[in-house]
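> how would this look folded up:
(2 chains)
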There are 2 protein chains.
Amino acid sequence: MKIISGPASVGLGEKIAEILGIKTVPLVFKTYPDGEFYVRLDGEVGNEEVVVVQTTSPPQDARLMQLMLIVDAAKRHGAKKVTAVVPYLAYARQDRAFLEGEAVSIEAIAHMLKAVGISNLITVNVHQQRVLGKFPFPAKTVSAVPLLAEYFKRKGLEKAFALAPDDGALWLVEEAKMILGGEYGFIEKHRDPHTGQISMEKKRLDVKGKVVIIFDDVISTGGTIALAANYASECGASKIYAGCVHPLLIGDAEKKILDAGVEEIVGTDTVPSHVSKVTVAPLISKALKEF
Amino acid sequence: MKIISGPASVGLGEKIAEILGIKTVPLVFKTYPDGEFYVRLDGEVGNEEVVVVQTTSPPQDARLMQLMLIVDAAKRHGAKKVTAVVPYLAYARQDRAFLEGEAVSIEAIAHMLKAVGISNLITVNVHQQRVLGKFPFPAKTVSAVPLLAEYFKRKGLEKAFALAPDDGALWLVEEAKMILGGEYGFIEKHRDPHTGQISMEKKRLDVKGKVVIIFDDVISTGGTIALAANYASECGASKIYAGCVHPLLIGDAEKKILDAGVEEIVGTDTVPSHVSKVTVAPLISKALKEF
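Residues are numbered from 1 along each chain as shown, chains lettered A, B, ... in the order given. So this is what the prediction gives:
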């Protein structure tokens, strides 16, 4: 097995290679003045199982193209099998045609990945697990929430209240609670069918005087976490933290969250950022061994 | 037949539909805050032959993704056949592995296009004709150079000297000369194998006192056209014009060319820009009827 670290996941790829004790294939990567990418593998991949590690956080289309080109190069130069490790999988929300006429982006991408020669895919906390079932090749998602919970545990935040900002994230806090050992819950939201306005549940959260850690899969513009933090604060939380797997942190997301009273934002290196304090390398390495 | 104008080629798509006297399918197109695209066809395509018009000039990866999503939507909602009209086809330079380990970008893209459901492709002045032969579906290129030559002819520049900036563009000026009726030629370049420095031919061009029109398929950073204009100027050209099919005009390309003494830059709407004074709509319409 050989590993190729894509330009969007250089550090993570190196860490995975180190854990697995295998070699990386150096990549010659250039961007032309018009924005087109150039990819060349500077090492042999003939008859090898090759793992390409490349996240697809924004700029997602460019990073997807980089991934496709690396896979093309590996297959073209003799790789027996290519496994894509895509720590953050873009376009995973549009997993069905909710309205007549819609594209189903993630399915289109899955078919593109297959066309360039991907045999397997591993991702981390995909937004909807069910999307992977429609992929035309084996694809699995692993959860980095336990690693986030362990980070907070090491900080001495055992028994903190693990809070999901909505019911969709409930299973994430169930995972966190297995590590932290404290209470957990989620915020029930109501969307007014006329105004579209979101209101929080009537029943107050029982977090008075408690340390709260909000967990979510992704921080995009930060609105969801900021709302949850404000609500936890209103309910009397003593301290609030936020843990997310994919810290996209679009625009002023970080400021929005800190302004809402969050002490610290902790993310993973599925999306390299200055809050990526937890690495998913051990998780991915394990998944690769089990595939 | 129905036409869908992609967000990068709205004007061109409408013009083609008008010439062919057929309907366009309205497109609902959005960009999410994280940069992902959303595509919905707001009209029926069931059992129709659908033509998607979308150029892939920079930002090329985003525009390729938009094209893929539109095709996905059309196929998913019943289109019998999808023809892609990609007036400027990105990544067409890397059409073979020049060095061991290289990706062959355009082949990877061709396979991605097939995977989302494209049956045919029409492009304009692809950089290397041979690339289309490797596509896994019928693909053809048409030349807009005669349309550019006609533009200059209408300006009264008949009998101008049609100049190719290098031998690769020679066949373009042969096409232009068929319309303009004057002389033509190309600049022979020598690359010093040690320094990489490019020098022009020893034999001077016979353009003294003549109007010169430089033709090329693409203006990217403008360096090639600027060099050719300087050379024509040194050889005594009385006036210099530049005609290109794809006016990418990266960075200060336009300034560079005008500073080299070019009176006017003329491009086509394969790449919408303020120098796109010639439309390829009649050319594409004809190609669609003949496919």
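
> Run through the bridge partners of the residue nearest to A:L132 when sequence neighbours are not counted.
Closest residue in space to A:L132, ignoring its immediate chain neighbours: A:A139 at 4.2 Å, by Cβ to Cβ, 6 or more residues apart in numbering or on different chains. Backbone N, C-alpha and C define where each C-beta goes, glycine included. Using DSSP bridges, the beta-bridge partners of A:A139 come out as A:L121.

> which residues touch A:A139?
By Cβ atoms under 8 Å, 6 or more residues apart in numbering or on different chains, the contact list for A:A139 reads A:110, A:120-123, A:132.

> any idea which of those residues is the one closest to B:I219?
Within those, the smallest distance to B:I219 is 36.9 Å, found for A:A110 (Cβ to Cβ).

> That closest one touches A:G133, doesn't it?
No. Contact criterion Cβ atoms under 8 Å: A:A110 and A:G133 do not qualify, at 10.6 Å.

> Span of stretch A:245-255 from start to end?
18 Å (Cα to Cα, to the nearest Å).

> Likewise for stretch A:26-43?
First residue to last in stretch A:26-43 (Cα to Cα) measures 6 Å.

> What of stretch A:134-151?
OK, stretch A:134-151 end separation, Cα to Cα: 33 Å.

> roughly how far apart are A:S285 and B:D61?
Computed as Cβ to Cβ, to the nearest Å, the A:S285 to B:D61 distance reads 29 Å.

> Which of these two has more residues huddled nearby?
B:D61 (23 against 19; other Cβ atoms under 10 Å in any protein chain shown).

> My guess is the more buried one contacts A:M65. True?
Yes. With contact defined as Cβ under 8 Å, B:D61 reaches A:M65; the gap is 4.3 Å.

> returning to what we had before: can I get the contacts of A:A139 in a markdown table including neighbour count and pLDDT?
Shown next, in a markdown table, are the contacts of A:A139 (neighbours: other Cβ atoms under 10 Å in any protein chain shown; pLDDT from 0 to 100):
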| residue | neighbour count | pLDDT |
| --- | --- | --- |
| A:A110 | 23 | 97 |
| A:N120 | 18 | 97 |
| A:L121 | 24 | 98 |
| A:I122 | 24 | 98 |
| A:T123 | 24 | 98 |
| A:L132 | 21 | 95 |
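
> Those residues into a markdown table, with extra columns for distance to B:S9?
Listed next are these as a markdown table, based on distance: Cβ to Cβ, whole Å:
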| residue | distance to B:S9 |
| --- | --- |
| A:A110 | 26 |
| A:N120 | 36 |
| A:L121 | 32 |
| A:I122 | 37 |
| A:T123 | 33 |
| A:L132 | 34 |
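
> which of those residues lies closest to A:D217?
A:T123 (11.1 Å).

> which two from the contacts of A:A139 end up farthest apart in space?
For the contacts of A:A139, the farthest-apart pair by Cβ to Cβ is A:A110 and A:I122; their separation is 13.7 Å.

> how does chain A divide into domains?
Under the assignment automatic domain parsing, the domains of chain A span A:2-143+A:280-290, A:145-269.

> of all those, which lies closest to B:V51?
domain A:2-143+A:280-290 (16.7 Å).

> and the stretch 101-250 of chain A, which residues reach chain B?
For the stretch 101-250 of chain A, the contact set with chain B under Cβ under 8 Å from any Cβ of the partner chain comprises A:101-105, A:107-109, A:111-112, A:114-116, A:220-221, A:248, A:250.

> tell me the angle the top helix by length along chain A makes with helix B:60-76.
Using DSSP state H to assign secondary structure, the helix with the most residues in chain A is helix A:60-76. Angle, helix A:60-76 to helix B:60-76, by axes from the mean of the first three to the mean of the last three Cα atoms, to 10 degrees: 80 degrees.

> What is helix A:60-76 packed up against?
Contacts defined by 3 or more Cβ pairs under 8 Å, 6 or more residues apart in numbering or on different chains; DSSP states H and E place helix A:60-76 against strand A:37-41, strand A:49-53, strand A:81-86, helix A:105-116, helix B:60-76, helix B:105-116.

> What would it look like as CSV? C-alpha coordinates only.
Extracted in CSV, the C-alpha atoms of helix A:60-76 (Å, rounded to 0.1, in the frame of the first residue of the first chain):
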residue,chain,number,x,y,z
GLN,A,60,-14.7,22.3,-3.0
ASP,A,61,-14.8,22.1,-6.8
ALA,A,62,-11.1,22.8,-7.2
ARG,A,63,-10.3,20.2,-4.5
LEU,A,64,-12.6,17.6,-6.1
MET,A,65,-10.8,18.2,-9.4
GLN,A,66,-7.4,17.8,-7.7
LEU,A,67,-8.6,14.5,-6.3
MET,A,68,-9.9,13.3,-9.7
LEU,A,69,-6.6,14.2,-11.3
ILE,A,70,-4.5,12.4,-8.7
VAL,A,71,-6.7,9.3,-9.0
ASP,A,72,-6.4,9.5,-12.8
ALA,A,73,-2.6,9.6,-12.5
ALA,A,74,-2.5,6.7,-10.1
LYS,A,75,-4.7,4.5,-12.3
ARG,A,76,-3.0,5.5,-15.5
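
> tilt between the helix or strand harbouring A:I284 and strand A:49-53?
Counting by DSSP states H and E, the element that carries A:I284 is helix A:281-290. Helix A:281-290 and strand A:49-53 are oriented at 150 degrees to each other (the same axes, to 10 degrees).

> relative to strand A:81-86, how tilted is helix A:281-290?
150 degrees.

> what is the rounded mean pLDDT of helix A:281-290?
The average pLDDT within helix A:281-290 is 97.

> which outside residues touch that helix?
By Cβ under 8 Å, 6+ apart, helix A:281-290 touches A:1, A:12, A:15-16, A:18-20, A:51, A:53, A:83, A:85, A:87, A:122, A:124, A:140, A:142, A:144, A:147, A:269.

> Please, where are all the helices along chain A?
Using DSSP H, the helices of chain A run over A:10-20, A:60-76, A:105-116, A:130-133, A:145-154, A:170-180, A:223-234, A:253-259, A:281-290.

> Point out the most buried one among these.
Counting by mean count of other Cβ atoms under 10 Å in any protein chain shown, helix A:60-76 has the highest mean neighbour count of the helices of chain A, with a mean of 25.

> I'd like the mean pLDDT over that one, please.
pLDDT averaged over helix A:60-76 gives 98.

> between it and strand A:37-41, what angle do the directions make?
Going by the same axes, to 10 degrees, helix A:60-76 makes 30 degrees with strand A:37-41.

> Please name every helix or strand in contact with the helix-or-strand element of chain A with minimal mean pLDDT.
Scoring the helices and strands of chain A by mean pLDDT, DSSP states H and E places strand A:198-200 at the bottom, with a mean of 76. Counting by 3+ Cβ pairs under 8 Å, 6+ apart, the packing neighbours recorded for strand A:198-200 are strand A:189-191, helix A:223-234.

> So what's the gap between the longest one and the chain middle?
Averaging C-alpha positions (Cα atoms, centre = their mean, to the nearest Å) puts helix A:223-234 21 Å from its chain's average.

> repeat for stretch A:213-233
On Cα atoms, centre = their mean, the centre of stretch A:213-233 falls 16 Å from that of its chain.

> For it, what does the pLDDT average out to?
97.

> May I have that stretch as PDB, with CA atoms only?
Output in PDB follows, covering the C-alpha atoms of stretch A:213-233 (Å, rounded to 0.1, in the frame of the first residue of the first chain):
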ATOM      1  CA  ILE A 213     -20.200  21.300  25.200                       C
ATOM      2  CA  ILE A 214     -22.100  21.700  21.900                       C
ATOM      3  CA  PHE A 215     -21.300  19.000  19.300                       C
ATOM      4  CA  ASP A 216     -22.100  19.200  15.600                       C
ATOM      5  CA  ASP A 217     -20.700  17.600  12.500                       C
ATOM      6  CA  VAL A 218     -19.800  20.800  10.700                       C
ATOM      7  CA  ILE A 219     -19.500  24.500  11.500                       C
ATOM      8  CA  SER A 220     -20.300  26.300   8.300                       C
ATOM      9  CA  THR A 221     -21.400  30.000   8.800                       C
ATOM     10  CA  GLY A 222     -21.700  29.300  12.600                       C
ATOM     11  CA  GLY A 223     -25.300  30.300  12.900                       C
ATOM     12  CA  THR A 224     -26.500  27.000  14.300                       C
ATOM     13  CA  ILE A 225     -23.800  26.800  17.000                       C
ATOM     14  CA  ALA A 226     -24.300  30.500  17.900                       C
ATOM     15  CA  LEU A 227     -28.000  30.000  18.400                       C
ATOM     16  CA  ALA A 228     -27.400  26.900  20.500                       C
ATOM     17  CA  ALA A 229     -24.800  28.800  22.600                       C
ATOM     18  CA  ASN A 230     -27.200  31.700  23.200                       C
ATOM     19  CA  TYR A 231     -29.900  29.300  24.200                       C
ATOM     20  CA  ALA A 232     -27.600  27.400  26.600                       C
ATOM     21  CA  SER A 233     -26.500  30.700  28.100                       C
END
